[in-house]
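**Q** need the 3D shape of this:
(one chain, ligands or ions: 2)
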Amino acid sequence: MKVLGIETSCDETAIAVVEDGCRILSNVVASQVDLHTRYGGIVPEVASRQHILALVPTLRETLKQGQVSLPQVEAVAVTQGPGLAGSLLTGVNFAKCLSLAIQAPFIGINHLEGHIYAAWLQEGPPPDQEPGFPLMCLIASGGHTDLVLMRGHGEYTLLGRTRDDAAGEAFDKAARVLGLGFPGGPYIQQAAEGAQGLESLPKPLLKDTLDFSFSGLKTALLRRVQAQRKDPNNGQDPRQVTELAFAFQESLAQVMVEKTLGASRQHSCRGIIVGGGVAANARLRQLFRERSRIPVLIPQPSLCTDNGAMIAGAAFFRLRKGERHDLDLDLDPGLRLG
Ligand SMILES: Nc1ncnc2c1ncn2[C@@H]1O[C@H](COP(=O)(O)OP(=O)(O)OP(=O)(O)O)[C@@H](O)[C@H]1O
Ligand SMILES: [Mg+2]
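**A** Ligands and ions are numbered 1, 2, ... in the order given. Below you'll find the predicted structure:
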């Protein structure tokens, strides 16, 4: 089944065609990052207006790259939430019109479920085996750090979440403190390369809960930078930026890995899925692979950040159970999983 997936929850206008939940025929992401960089964050109205400009050209490009014609599309899926209301509205309305025009089923998808189903996506032939359930899912993104138990397709229990900053948000704020670019994750990862491990920062593990808290780590980093700047012998030494970027990334990655592995043991999971933009982090990926005794599925880095393929992929598993939505479906900026 060929599903067209549309994602406009934040600052990426993304459309893809995916066959049977795993085979990507085309996956086009029109990023707005250059538009928002000068503000140091996403400006919601700018984002929604840009989606309106980008949706039709992105659809054309997706169909062209996938050599798919509109009548061949068997279902239209779109991110229903969570996300920015104005941005979601553009995608949801576009998807409804498209489904009406081509008379194909319409379905709204939870963006976080999309981040999980990115683990099923690949560009080659489908895998012989599905990962065995139950799975422990860590969704670490710009707005979420959620630990979710997945007992089967579409069956979720939320076990833990961040009490303050999301992991991606923490990376973005830390990059700002260190004078690096936006979005912060890739800049921190790059800046940390070549560090000697001379600095260390607290590892906020929060005992007896599967919740996370990263705001103390961010404050510890800020204090360290402020202390270094007060020292008249200490200018903006790039080696210090490297060491601090490394220490910050290390603390965050270790906390996420330790908590996820602990939760997977508690629930006798057969595998782990890591998704969301922060799952693109090379150190996090390495730590998971080194420390886990059960299989860890992490999408390739370009499929960790927002894309339409993950929405189409997640939709397939719902559509095959007979689910679909009416065209009066509303978007939900605060949609939860589990
Ligand atoms: N290599 C990386 N290392 C760490 N963080 C990264 C990396 N690449 C991207 N990120 C972070 O991922 C986040 C973006 O992820 P994503 O696109 O999934 O977020 P979002 O869609 O805005 O939020 P949500 O999915 O919670 O709605 C940013 O905060 C960015 O800094
Ligand atoms: Mg996302």
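**Q** wait, G275 touches L138, no?
**A** Yes: using Cβ atoms under 8 Å, G275 is in contact with L138, at 7.4 Å. For the C-beta atoms, the positions are set from N, CA and C on the backbone; glycine is no exception.
**Q** looking at the two, which is more packed in?
**A** More neighbours surround L138 than the other of G275 and L138, with 32 against 29 (other Cβ atoms under 10 Å).
**Q** so the more buried one is in which element?
**A** In the assignment (DSSP states H and E), L138 maps to strand 135-140.
**Q** quick one: buried residues of that strand?
**A** Within strand 135-140, the residues scored as buried using 16 or more other Cβ atoms under 10 Å are L135, M136, C137, L138, I139, A140.
**Q** just put those in TSV and tack on pLDDT and distance to L201.
**A** Putting those into TSV (pLDDT from 0 to 100; distance: Cβ to Cβ, whole Å) gives the following:
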residue	pLDDT	distance to L201
L135	97	30
M136	98	26
C137	98	26
L138	98	20
I139	98	23
A140	98	18
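**Q** these also near ligand 1: which ones?
**A** Among the buried residues of strand 135-140, no residue sits close to ligand 1 (Cβ under 6 Å from any ligand atom).
**Q** report the contact partners of the residue nearest the centre of the chain.
**A** Nearest to the mean C-alpha position of the chain, by Cα atoms, centre = their mean, lies G276 at 2.1 Å. Contact analysis of G276 by Cβ atoms under 8 Å, 6 or more residues apart in numbering lists L112, H115, L138, I139, A140, S141, G142, H144, A167, G168, C304.
**Q** and the fourth one, how far is that from ligand 2?
**A** Meaning I139. From I139 across to ligand 2, the span is 8 Å (Cβ to the ion, to the nearest Å).
**Q** that residue pairs with what?
**A** D146, G275 (DSSP bridges).
**Q** please report the distance of it from E155.
**A** For I139, the distance to E155 equals 15 Å [Cβ to Cβ, to the nearest Å].
**Q** what does the stretch 101-250 of the chain have sitting close to ligand 1?
**A** 111, 141-144, 168, 171-172, 183-186, 189.
**Q** in helices only, show me those.
**A** For those, the ones inside helices are H111, G168, F171, D172, G184, G185, P186, Q189, with DSSP state H as the criterion.
**Q** for the residues you listed, give me a markdown table that also has neighbour count and pLDDT.
**A** Putting these into a markdown table (neighbours: other Cβ atoms under 10 Å; pLDDT from 0 to 100) gives the following:
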| residue | neighbour count | pLDDT |
| --- | --- | --- |
| H111 | 26 | 98 |
| G168 | 24 | 97 |
| F171 | 30 | 97 |
| D172 | 23 | 95 |
| G184 | 25 | 95 |
| G185 | 28 | 97 |
| P186 | 19 | 98 |
| Q189 | 19 | 98 |
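**Q** which residues of the stretch 201-338 of the chain score low on pLDDT?
**A** The stretch 201-338 of the chain contains residues with pLDDT under 70 at 232-236.
**Q** and the strands in it, which stretches?
**A** Taking DSSP state E, counting those that start in this stretch to define them, one finds strands in the stretch 201-338 of the chain at 271-275, 296-297.
**Q** direction included, what does the last one pair against?
**A** According to DSSP bridges, strand 296-297 has the following sheet partners: strand 271-275 (parallel).
**Q** can you tell me if the partner strand touches ligand 2.
**A** No: on the criterion Cβ under 5 Å from the ion, strand 271-275 is out of touch with ligand 2, staying 8.6 Å away.
**Q** what's next to that strand, contact-wise?
**A** By Cβ under 8 Å, 6+ apart, strand 271-275 touches 115-116, 118-119, 131-132, 135-141, 150, 260-261, 264, 284-285, 288, 292, 294-299, 304, 310.
**Q** for it, list the C-alpha coordinates in CSV.
**A** Extracted as CSV, the C-alpha positions of strand 271-275 are listed here (Å, rounded to 0.1, in the frame of the first residue of the first chain):
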residue,chain,number,x,y,z
GLY,A,271,14.1,-4.5,22.0
ILE,A,272,14.6,-0.7,22.2
ILE,A,273,13.6,2.0,19.7
VAL,A,274,15.2,5.4,19.9
GLY,A,275,13.6,8.2,17.9
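**Q** what angle do that strand and strand 135-140 make?
**A** 20 degrees (axes from the mean of the first three to the mean of the last three Cα atoms, to 10 degrees).
**Q** buried residues in strand 271-275, which are they?
**A** For strand 271-275, by 16+ other Cβ under 10 Å, it's G271, I272, I273, V274, G275.
**Q** nearest to ligand 1, out of these: which one, please.
**A** Using Cβ to the nearest ligand atom, G275 comes nearest to ligand 1 of those, at 8.0 Å.
**Q** and that closest one, how far is that from K321?
**A** Distance of G275 to K321, given as Cβ to Cβ: 21 Å.
**Q** show me where the stretch 1-150 of the chain has its helices.
**A** Applying DSSP state H, counting those that start in this stretch to the stretch 1-150 of the chain gives helices spanning 33-37, 44-66, 85-102, 111-117.
**Q** in the contacts of G276, find the pair that's most separated.
**A** L138 and G142 (14.6 Å; Cβ to Cβ).
**Q** list the contacts for the closest residue to ligand 2 within the stretch 201-338 of the chain?
**A** Closest contact between the stretch 201-338 of the chain and ligand 2, by Cβ to the ion, is at D306 (4.4 Å). Contacts for D306 (Cβ under 8 Å, 6+ apart) come out as E7, S9, C10, E12, A14, V29, H111, G277.
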